[in-house]
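Novice: Here is the input, now give the coordinates:
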Amino acid sequence: MFSSKSESKLQYERFPTSNTTLDCITAVVNNLIKDFEDVILTNIWELALGKPLIRFDTQTFIKCLENKCPIIQLFILDIQNQTINELLKYLDTNSFLNPRAFFIFVHCNIDFYVLSSLSKAYINKAIIINEFGEIQTYVPYKYENINKPYLTPYKIGYCNDDFNFDFSLIGWKPNTWKNSILNVMLRITTPYVTGHNTGIEERLLSLFQDRLKCKMNFTYMEFGTTTLPYFQPKKLLHSHDADIFGGHITILPSDVLDSDITPPYLYDSIRFVTPKPKEMSFWIRSFTIFPDSFWILLVLTIAISSVLTNLLYNISYQDKLFAFIEILVEHPVCLGNTQLLSKRIFFMSWFFFSMVISTLFRNSLIIINATSKKTNAINTLDDVANSKLPIYKTFDLKSYYITREEQEKIQYVSMKQCTNLALCFRNVAFNQNSITIGGADILNNYVIPLYFVENGETLLHIADEMIYGFHIHLLFSKGHPLFEQCSTIIISTLSNGWFVKEYKKMKYELSLKLYQKYPIKSKILSMNELSNTFHLWFFGLLLAFSVLSLEIICYYGLVTFKKKV
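Specialist: You can find the predicted model right below:
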């Protein structure tokens, strides 16, 4: 907006202001703003309005510079021996400049240079009192054009006109901007900005154009090349060489002072991007047919029952084994007095039980072969710390962990700076030896699809635990005349459901494109993939019938032995 920034104080020689001019300023303030209670900033020492005043080069002014005093809503400035551009630059440097405030300039001869400086700063609530007591203003947006504002002065009156002024045109803005062209800078960050007018922010900007009848020139920045140009558009906003900046914007404290921030319209979260979990081998997956609790209870049951049978019945290991088998099929331990029908029932129940168990076991093995079972994924800060993998970060990650427990965990994690987001994602995907971070929506809709493999899986994993959440905004240059109207449109779209409808529509279109690019294919298992399954199945059947045959042989052998004895 201004040619340069200077941190030094503005030095000027104070000239006394005449009583006539002071009376004129008082009358203008009283007529312009009714019941005004906000702070007024002025460099006129003789001015006394009975309202809170901050004067240049006073202790109060210095304290405001140090502590960022409240936003000033009225500036009363005597130009004296400096240019209006120098004065505005000084206010902007010290974060005092509020383009939407009222400005009263004294001892200022209005000309093209003065009005051009005011319009460049988006100041349209300006009253200029020249050295002859003439009161003037201007209406820069008379022809709905912010690129070439109307710089012809408009006379309000004179200081000696009984203070009866017409302020109706001060701060006037049109409802539409048919002759305006806005420069919009966007980062390509799917699903917010795609570069093809299909992103949610591009749809929102199209709605701005439709409602306000303005035109927009779009400049796109590639996402993931580097994090450094992220700050260049903000500099262009501050200099008013760009009007809007969007594309998954992270708000910094300086943005609150340097830019206008729209109401939030979306919410996203920052999460860890980790290597995909490793696939379990077939033999390890086979043990996962039953949960861990089953194996633990099975071992405990056998151990405890063995101890109890030894203590209570004092039977041998062989008898104990047969007792377990017969208990398993719910059959009496002793078959000596049973009839032939009972023995048939025992055989049939054993056969039925073996077939049911073998079928369930076989089906579970087939499911295990048809699906890929993974090891535990990295989903929490504890998992990140235990993985010992370095984190490639784009910001101070440690500042977002505030509890003592979290700080103790994060301080032992190796941190490295990521200057190229695309390379950081690529390193995590292909080398599987690091972790990085990113927005969940961008990762799911833009990054993850880039790393799909043939079986429909991805090489990246998004952690379940959120580092922090944030809202999505658009940034406007400070004081931009369309900002308030655009903010009103955003609030309306959130209230009437337009945003929800468009966001769902956008997600559907994106998923459709991803399906066309990465279609879901039915997987047909080959005999080689199922060979281990059938080997285990036949082995289980053989073992079951072997145990049954062994029990029958032992039983009849024992009966024959007793008869001989």
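Novice: Number of residues surrounding residue 252?
Specialist: Taking other Cβ atoms under 10 Å as the neighbour definition, residue 252 ends up with a count of 13. To be clear about C-beta, it is placed using only N, CA and C from the backbone, and glycine gets the same treatment.
Novice: now swap in residue 216 and tell me
Specialist: One way to gauge burial is a neighbour count; for residue 216, by other Cβ under 10 Å, it gives 16.
Novice: List the contacts of it.
Specialist: Residue 216 is in contact with 181, 182, 183, 184, 205, 208, 209, 244, counting by Cβ atoms under 8 Å, 6 or more residues apart in numbering.
Novice: Does the fifth one lie in a helix or a strand, and which?
Specialist: Here residue 205, judged by DSSP states H and E, is contained in helix 200-212.
Novice: Same question for that helix: list its buried residues.
Specialist: 200, 201, 202, 203, 204, 205, 207, 208, 212 (16 or more other Cβ atoms under 10 Å).
Novice: cool, stretch 267-285 as well?
Specialist: Going by 16+ other Cβ under 10 Å, stretch 267-285 has these buried residues: 268, 270, 271, 272, 273, 274, 275, 276, 280, 285.
Novice: still on that earlier bit, going on from the helix holding residue 205, what's the next piece of helix or strand?
Specialist: Counting by DSSP H and E, the next helix or strand C-terminal to helix 200-212 is strand 215-221.
Novice: For the residue lying closest to residue 446 once chain neighbours are set aside, give me its contacts.
Specialist: The spatial neighbour of residue 446 that comes closest, neighbours along the chain excluded (Cβ to Cβ, 6 or more residues apart in numbering), is residue 190 at 3.7 Å. Residue 190 makes contact with 199, 442, 445, 446, 510 under the criterion Cβ under 8 Å, 6+ apart.
Novice: and what of residue 451?
Specialist: The contact partners of residue 451, taken as Cβ under 8 Å, 6+ apart, are 425, 429, 458, 459, 460.
Novice: Please state the backbone phi and psi of the first one?
Specialist: In this case it means residue 425. Backbone geometry at residue 425, expressed as degrees, to the nearest 10, gives phi -60, psi -40.
Novice: Pretty sure it sits against residue 460.
Specialist: Yes: under the criterion of Cβ atoms under 8 Å, residue 425 makes contact with residue 460 at 7.0 Å.
Novice: Pick out whichever of those two has more residues nearby.
Specialist: The neighbour count for residue 425 versus residue 460, taken as other Cβ under 10 Å, is higher for residue 425 (24 against 21).
Novice: returning to that earlier point: quick one: which of the buried residues of stretch 267-285 sit in strands?
Specialist: Within these, residues falling in strands by DSSP state E are 268, 270, 271, 272, 273, 274, 275.
Novice: The first one contacts residue 441, correct?
Specialist: Yes: with contact taken as Cβ under 8 Å, residue 268 and residue 441 are classed as touching, separated by 5.0 Å.
Novice: which stretches of the stretch 151-300 of the chain have low pLDDT?
Specialist: Applying pLDDT under 70 to the stretch 151-300 of the chain picks out residues 161-165, 223-230, 281-290.
Novice: What are the boundaries of the strands in it?
Specialist: Defined through DSSP state E, counting those that start in this stretch, the strands belonging to the stretch 151-300 of the chain, from first to last, are 153-158, 181-187, 215-221, 244-246, 259-261, 266-275.
Novice: So for residue 170, which of those sits nearest?
Specialist: strand 153-158 (8.2 Å; Cβ to Cβ).
Novice: Now do that closest one: everything it contacts.
Specialist: Here strand 153-158 makes contact (Cβ under 8 Å, 6+ apart) with 110, 115, 127-128, 133-139, 164-167, 169.
Novice: And residue 251, how close does it get to residue 470?
Specialist: Taking Cβ to Cβ, to the nearest Å as the measure, residue 251 and residue 470 are separated by 7 Å.
Novice: go on, residue 128?
Specialist: The span separating residue 128 from residue 470 equals 43 Å under the rule Cβ to Cβ.
Novice: tell me the two of the contacts of strand 153-158 that are most distant?
Specialist: 115 and 164 (24.8 Å).
Novice: Tell me which of those two has more neighbours.
Specialist: Comparing residue 115 with residue 164 by other Cβ under 10 Å, the one with more neighbours is residue 115, at 23 against 8.
Novice: what's the distance between that one and residue 148?
Specialist: Going from residue 115 to residue 148 by Cβ to Cβ gives 12 Å.
Novice: same thing with residue 87?
Specialist: Between residue 87 and residue 148 the distance is 24 Å, computed by Cβ to Cβ.
Novice: Mind checking which of those two has more residues around it?
Specialist: Legend: neighbour count by other Cβ under 10 Å for residue 87 and residue 148, higher for residue 87 (23 against 12).
Novice: Now name the helix or strand holding that one.
Specialist: helix 84-93.
Novice: what about that helix, average pLDDT?
Specialist: Rounded to a whole number, the mean pLDDT of helix 84-93 is 82.
Novice: just stretch 487-497 next, same as before
Specialist: In the prediction, stretch 487-497 has an average pLDDT of 93.
Novice: Test my guess that residue 172 contacts residue 140.
Specialist: No: in this structure, residue 172 is not within contact of residue 140 by Cβ under 8 Å, at 9.3 Å.
Novice: So for those two, which residues contact both of them?
Specialist: When contacts are counted by Cβ under 8 Å, 6+ apart, residue 172 and residue 140 are jointly contacted by residue 124.
Novice: neighbour count winner among these two?
Specialist: More neighbours sit around residue 140 than around the other of residue 172 and residue 140, counting by other Cβ under 10 Å; the figures are 25 against 13.
Novice: Not counting residues beside it along the chain, what's closest to the more buried one?
Specialist: residue 149 (3.5 Å).
Novice: coming back round to it: between residue 128 and residue 470, which has more neighbouring residues?
Specialist: When neighbours are counted by other Cβ under 10 Å, residue 128 and residue 470 differ, and residue 128 comes out ahead with 24 against 16.
Novice: Check the offset of the helix or strand where the more buried one lies from the chain's centre.
Specialist: The secondary structure element spanning residue 128 is strand 126-129 (assigned by DSSP H and E). Its chain's average C-alpha position is 45 Å from that of strand 126-129, according to Cα atoms, centre = their mean, to the nearest Å.
Novice: Please work out the average pLDDT along that strand.
Specialist: Per-residue pLDDT values over strand 126-129 give a mean of 89.
Novice: sorry, back to before: any figure for the gap between the residue nearest to residue 446 and residue 107?
Specialist: When Cβ to Cβ is applied, the distance between residue 190 and residue 107 equals 55 Å.
Novice: What does residue 507 show for phi and psi?
Specialist: With angles defined as degrees, to the nearest 10, residue 507 shows backbone torsions of phi -60, psi -40.
Novice: so where does residue 308 fall, helix or strand?
Specialist: Under the assignment given by DSSP H and E, the secondary-structure element containing residue 308 is helix 292-312.
Novice: For that helix, name the packing helices and strands.
Specialist: helix 317-328 (3 or more Cβ pairs under 8 Å, 6 or more residues apart in numbering; DSSP states H and E).
Novice: Can you give me the domain assignment for this structure?
Specialist: According to automatic domain parsing, the chain comprises the domains 19-158, 175-265+473-523, 270-278+375-469, 304-372+531-564.
Novice: a markdown table please, covering those and showing distance to residue 298.
Specialist: Written out in a markdown table, the entries for those read as follows (distance: least, Cβ to Cβ, whole Å):
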| stretch | distance to residue 298 |
| --- | --- |
| domain 19-158 | 69 |
| domain 175-265+473-523 | 33 |
| domain 270-278+375-469 | 23 |
| domain 304-372+531-564 | 11 |
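Novice: Give me the local confidence score for residue 63.
Specialist: At residue 63 the predicted local distance difference test score is 63.
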